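Chemist: Need the 3D shape of this:
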Amino acid sequence: MTTINSIATNAYQTRGDAQNDHVSALKFITCGSVDDGKSTLIGRLLVDSKAVLQDHLAGVQRGGETDLALLTDGLSAEREQGITIDVAYRYFATETRKFIIGDAPGHEQYTRNMVTAASSADAAVVLVDATKLDWQNPELALLPQTRRHSLLAHLLRVNSLVFAVNKLDAVADPALAWTHIQGALARFAQAAGIAVHATVPVSALKGWNVVDANAGWCGYQGPTLLQVLEALPNTPADTALPLAFPVQWVEKFSSSSDTSQGRRVFWGRVASGTVAPGTPVQIFPSGQLATVAQVLDHARRPKDVPAGTSAGIILDREVDVSRGDWILAAPTAAAAVADDDFGDTPAAVPAWPASRELRTTIAWMDDEPLVAGRVYWALHGHRWIKAKVKAVVHKLNINTLAEEAATQLDPNAIGRVDLLLQEAIPAATFAKARVLGSLILVDTASHKTAGAVLVN
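Modeler: Prediction:
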């Protein structure tokens, strides 16, 4: 950890003001078990970075003292019960970086809210409450929700994971507790294949090592949590892949007299690759071929648009495209056939092959268990299709990380599931392409979001 922390310190010191813009804003979430101090930590970040106005600070007083958790717990039920239920987003900035924070709930029943927040985050700060652990034991066991949230962040390809060991000021021997907990986190991360950017001992209540350093506390000499966050990279977009563009909205301007190109704009967010005028494309599912005539950015300015950015595409001719369709890179040409080869000419290779059968990893979030034979609505991009559960292959034991045989996935379980779709979709592995490799399952009767699907 010393090497990682020293790297973070150097990156923090050399980071320039040139990156202090909306592009470099870091979206991160705080997660972990219930009552680990997530809301208090965010409140400490906001207060110590001077991001809270005095009148707002005066409104979060309890018994004459400032309750930092109330800065993010906005629902009346959250304030009454002292818990976080829904994800609360807050914004703050330092001299070198802008941040968007998502305060995710720690209760197991609200795991679906944490998954929603993690799906768009650049980083995750997993809090660990030292007072809840057998910190005197070198082989101590972590809390189930700490393990679950870490695994979910890893599965969702959250780019950076940071452990913050909180409440060390409340134990008898902070240095010993820090050593044992840090070791347990390292063993868990190694066994789960999770890359950890840093582990920091903090006291969210007192502010130690959050924004201001408490040098030498617990024998720790690395950067503060804020310094680590300032040095973390943003999630790279999938710009090196072939073009994939899910159509979200079709804008008509048929009154235009210009017939040299199509008279509709297809709006959406580029999932992968870069779209530019002259790009040959294929429409899914119709298979029609066309060429991009013009590209508009979010402000309707002509501009090449990379993955992760909203765009409007105008094609060179009128093509039947609706919401839910995909505009994909055109298939690559087939290999040349020798003059003496009387076989069939090989078909062109699609940039994103379509498939009806998917081997997936599912984070199950419905109250009803997932069982083979059930049919759900599946959302891929902006396209709705029916999906049938062919088989539950196994589930992941979050305590042992073992893959156990299973016939169903219970609420908040993670497991391997085979799906059969009513129609083929241009799916890719989630490890390769985030948008094409992810779906959500929705209960056909209750219309509740039932599961987060990652294509393997």
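Chemist: From here on, just use CA atoms for contacts and neighbour counts.
Modeler: OK.
Chemist: Show me where the stretch 151-300 of the chain has its strands.
Modeler: 160-166, 198-201, 244-246, 249-252, 264-269, 274-275, 280-284, 289-296 (DSSP state E, counting those that start in this stretch).
Chemist: export these to a markdown table and tack on mean pLDDT and distance to W377?
Modeler: Output for those, formatted as a markdown table (pLDDT from 0 to 100; distance: least, C-alpha to C-alpha, whole Å):
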| stretch | mean pLDDT | distance to W377 |
| --- | --- | --- |
| strand 160-166 | 96 | 31 |
| strand 198-201 | 96 | 39 |
| strand 244-246 | 98 | 18 |
| strand 249-252 | 93 | 21 |
| strand 264-269 | 96 | 21 |
| strand 274-275 | 96 | 30 |
| strand 280-284 | 97 | 19 |
| strand 289-296 | 96 | 29 |
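Chemist: Give me the neighbour count for the closest residue to A330 other than its chain neighbours.
Modeler: For A330, ignoring the flanking residues on the chain, the nearest one in space by C-alpha to C-alpha, 6 or more residues apart in numbering is V281 at 4.2 Å. Residues contacting V281 under the criterion other C-alpha atoms under 10 Å number 23.
Chemist: I figured V281 hits T332, correct?
Modeler: No: V281 lies out of contact with T332 (C-alpha atoms under 8 Å); the separation is 10.5 Å.
Chemist: do you know how far the residue lying closest to A433 once chain neighbours are set aside is from A431?
Modeler: Residue nearest to A433 in three dimensions, not counting chain neighbours: D238, with 6.6 Å by C-alpha to C-alpha, 6+ apart. Here D238 is placed at a distance of 11 Å from A431 (C-alpha to C-alpha, to the nearest Å).
Chemist: Look at the two and report which has more neighbours.
Modeler: Applying other C-alpha under 10 Å to D238 and A431 shows that D238 carries more neighbours, namely 21 against 14.
Chemist: Do a quick rundown of the helices in the stretch 1-150 of the chain.
Modeler: 2-14, 38-48, 54-58, 76-81, 111-118, 144-155 (DSSP state H, counting those that start in this stretch).
Chemist: and what of the stretch 201-350 of the chain?
Modeler: Using DSSP H, counting those that start in this stretch, helices in the stretch 201-350 of the chain cover 225-231.
Chemist: What's opposite the nearest residue to V200 once chain neighbours are set aside in the beta bridge?
Modeler: Leaving aside its sequence neighbours, V200 sits nearest to A164 (C-alpha to C-alpha, 6+ apart; 4.9 Å). Here A164 sits in beta bridges with L127, V200, going by DSSP bridges.
Chemist: burial measure for I414, as a count.
Modeler: 25.
Chemist: beta partners of it?
Modeler: Applying DSSP bridges, one finds that I414 bridges with A363.
Chemist: how about it, what does it touch?
Modeler: T361, I362, A363, W364, K395, L396 (C-alpha atoms under 8 Å, 6 or more residues apart in numbering).
Chemist: Make JSON lines out of those residues and add neighbour count.
Modeler: What follows is the contacts of I414, written out as JSON lines (neighbours: other C-alpha atoms under 10 Å):
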{"residue": "T361", "neighbour count": "25"}
{"residue": "I362", "neighbour count": "28"}
{"residue": "A363", "neighbour count": "27"}
{"residue": "W364", "neighbour count": "24"}
{"residue": "K395", "neighbour count": "24"}
{"residue": "L396", "neighbour count": "18"}
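Chemist: ok, those residues vs W217, which is closest?
Modeler: Among the contacts of I414, L396 lies closest to W217 (C-alpha to C-alpha), at 37.0 Å.
Chemist: residues contacting the residue nearest to A433?
Modeler: With C-alpha under 8 Å, 6+ apart, D238 has these contacts: A271, S272, G273, A307, G308, A433, R434.
Chemist: hang on, isn't the fourth one packed against P236?
Modeler: No: under the criterion of C-alpha under 8 Å, A307 makes no contact with P236, lying 9.3 Å away.
Chemist: So for the two, which sits in the more crowded spot?
Modeler: A307 (22 against 10).
Chemist: where does the stretch 51-200 of the chain dip in pLDDT?
Modeler: Applying pLDDT under 70 to the stretch 51-200 of the chain flags the ranges 51-86.
Chemist: What sits closest to the residue sitting nearest the centre point of the chain if chain neighbours are left out?
Modeler: Centroid-nearest residue in the chain, with C-alpha atoms, centre = their mean: S119, separated by 2.4 Å. Once flanking residues are discounted, S119 sits nearest to L156: 6.0 Å by C-alpha to C-alpha, 6+ apart.
Chemist: now the longest strand seen in the chain: mean pLDDT?
Modeler: Taking DSSP state E as the criterion, the chain has its longest strand at strand 383-396. If you average the pLDDT over strand 383-396, you get 96.
Chemist: If you tally nearby residues, what's the number for G373?
Modeler: 14.
Chemist: what residues are up against it?
Modeler: Applying C-alpha under 8 Å, 6+ apart to G373 gives the contacts K388, V389, K390, A391.
Chemist: Please tell me how far it sits from K167.
Modeler: Where K167 is concerned, G373 sits at a distance of 47 Å (C-alpha to C-alpha).
Chemist: Can I get the contacts of I414 in a markdown table including distance to R187?
Modeler: Formatted as a markdown table, the contacts of I414 follow (distance: C-alpha to C-alpha, whole Å):
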| residue | distance to R187 |
| --- | --- |
| T361 | 24 |
| I362 | 25 |
| A363 | 23 |
| W364 | 26 |
| K395 | 21 |
| L396 | 18 |
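Chemist: Just give me the closest of those to L142.
Modeler: Looking across these and measuring by C-alpha to C-alpha, the closest to L142 is L396, at 16.3 Å.
Chemist: Leaving out sequence neighbours, find the closest residue to that closest one.
Modeler: E403 (4.8 Å).
Chemist: Who does T332 form a beta bridge with?
Modeler: T332 has these beta-bridge partners by DSSP bridges: V349.
Chemist: wait, it sits on V349?
Modeler: Yes: between T332 and V349 there is a contact under C-alpha under 8 Å: 5.3 Å.
Chemist: Listing partners with orientation, what would you give for the longest strand of the chain?
Modeler: strand 375-380 (antiparallel), strand 403-405 (antiparallel), strand 414-425 (antiparallel).
Chemist: In the last one, which residues are buried?
Modeler: For strand 414-425, the buried set under the neighbour-count rule, 16 or more other C-alpha atoms under 10 Å, comprises I414, G415, R416, V417, D418, L419, L420, L421, A424, I425.
Chemist: Just checking, which helix or strand succeeds that strand along the chain?
Modeler: strand 438-442 (DSSP states H and E).
Chemist: That next one: how far from the chain's middle?
Modeler: Chain-centre distance of strand 438-442: 14 Å, with C-alpha atoms, centre = their mean, to the nearest Å.
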